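K.L.:
Have a look at this prediction, sequence included:
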Amino acid sequence: MRRICAVNRIVRPVSGTLLRRLALASIIANVGIVVTGGAVRLTASGLGCPTWPRCTDDSYVTTPEMGVYGVIEFSNRLLTFAVGLIALATVLAVLAHRPRRRGLLTLAVADFLGIPAQAVIGGITVLTNLNPWVVGLHFLASMAVIAAAYALWRRAGEPDAPTVAVVPSPLRALARVTTGVAVAVLVVGTWVTGSGPHAGDHGAARNGLDPESISQVHADVVFLLIGLSVALIFAFRAVGAARATRAAVVLLAVELGQGLIGFVQYFTHVPAILVGAHMLGSCLVLLAALSVQWSTRERRPVTAPTAPATRVETEAVPVTA
């Protein structure tokens, strides 16, 4: 009994506010590692540490002989530990939260397990000499982790109640289709990157696709996404869904900004700085699309039913003299 009391004094309940802040920090950290990972590739530092999990055959850390490329690549590896610590802290916060929240632990664990999975894929990327298909998978795995962290952040701010649709079912289906097309844009975008000049290392191979042709396919899918987003704005406004309308407007704005960066980088021969901005924009497109998806439903607090008023009847008691 004394041990249980001691544990209760050590492990104190975590507030919902702290839990949401940790989930938000996980989103930011994972977006940050996508951007820094892009910096590794754009500076041709992808093989700065030529092996994995060690940096060289004899050392887990970079050596002076490896120069700035080794420092850049190794620094990105170290950031993985920081992201993992945030994800671990989020899991512990979910476990310590009182009352226990339904579904939060699954999302927190998915976010946490995505970090070592990312490290393994990153190691395969190095061992395959930056194979462009594996590099693309590495990026998409980051998108999956970001999606899990975002779901945790949104879910942590909701009550434990059944979801209620705030727009008609056809519009919810249209939002899901739009999210699916946004994911398709990210997938095709990795094919464009794999055919372009930024291989991450001067000796890394490309995927063999024609850059001009695959860029046109990518642009076509982007135009489809923009068209669907415009349709969502008008449809949400028609049914009076203000919150969903705002989310769709934000999605369209992010898409237009991302599209502008894409066109400029294409016609300026893909400068590294714009490619890095485009990678950041990809994360924002995903987050904005998920925001639209979440805005089509909500969880309303369950109010305790009020007890019906009862009428008290008194029995007539005979009075005797």
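P.N.:
Perfect, I can see it now.

K.L.:
Could you look up the SS state of the closest residue to Ser229 other than its chain neighbours?
P.N.:
Once flanking residues are discounted, Ser229 sits nearest to Leu252: 4.4 Å by CB to CB, 6 or more residues apart in numbering. For the C-beta atoms, the positions are set from N, CA and C on the backbone; glycine is no exception. Recorded secondary structure, Leu252: helix (DSSP: H, G, I helix; E, B strand; the rest coil).

K.L.:
Work out the gap between the helix or strand encompassing Ala89 and the centre of the chain.
P.N.:
Using DSSP states H and E, Ala89 falls within helix 67-96. Computed by CA atoms, centre = their mean, to the nearest Å, the chain-centroid distance of helix 67-96 equals 16 Å.

K.L.:
Can you name the element that comes right after that helix?
P.N.:
Later in the chain than helix 67-96, the nearest helix or strand by DSSP H and E is helix 104-127.

K.L.:
Following that next one in sequence, what is the next regular element?
P.N.:
Per DSSP H and E, helix 104-127 leads on to helix 132-156 as the next helix or strand towards the C-terminus.

K.L.:
What residues does Pro162 make contact with?
P.N.:
Pro162 makes contact with Arg299, according to CB atoms under 8 Å, 6 or more residues apart in numbering.

K.L.:
Model confidence for it, exactly?
P.N.:
Model confidence at Pro162, given as pLDDT, is 82.

K.L.:
and it, backbone torsions?
P.N.:
Dihedral pair for Pro162: phi -60, psi 150, per degrees, to the nearest 10.

K.L.:
Okay, it and His97: tell me how far apart.
P.N.:
20 Å (CB to CB, to the nearest Å).

K.L.:
about what we covered before: so how many other residues sit close to the residue nearest to Ser229?
P.N.:
Residues within reach of Leu252, counting by other CB atoms under 10 Å, total 19.

K.L.:
you'd agree it is up against Ile233?
P.N.:
Yes: proximity of Leu252 to Ile233 meets the contact threshold set by CB atoms under 8 Å, at 6.5 Å.

K.L.:
With adjacent residues omitted, what lies nearest to Val154?
P.N.:
Careful, residue 154 is Arg; it's not Val. Trp294 (5.3 Å).

K.L.:
Model confidence for the one you found, exactly?
P.N.:
On the pLDDT scale, Trp294 gets 94.

K.L.:
What of Pro197?
P.N.:
We have a pLDDT of 80 for Pro197.

K.L.:
Name all residues that make contact with it.
P.N.:
Residues in contact with Pro197, defined by CB under 8 Å, 6+ apart, are Val270.

K.L.:
Could you measure from it over to Pro132?
P.N.:
Remark: distance between Pro197 and Pro132 (CB to CB) = 12 Å.

K.L.:
again with His218
P.N.:
From His218 across to Pro132, the span is 15 Å (CB to CB).

K.L.:
For the closest residue to Gly48 other than its chain neighbours, grab the count of nearby residues.
P.N.:
Nearest residue to Gly48, sequence neighbours excluded (CB to CB, 6+ apart): Glu73, at 3.2 Å. Glu73: 26 surrounding residues under other CB under 10 Å.

K.L.:
show me the contacts for Glu73.
P.N.:
By CB under 8 Å, 6+ apart, the neighbours of Glu73 are 40, 45-49, 62.

K.L.:
which non-adjacent residue is nearest the one residue sitting closest to the centre of the chain?
P.N.:
Central residue of the chain (CA atoms, centre = their mean): Ile146, 1.7 Å from the mean position. Using CB to CB, 6+ apart and skipping the chain neighbours, the partner closest in space to Ile146 is Asn30 (4.8 Å).
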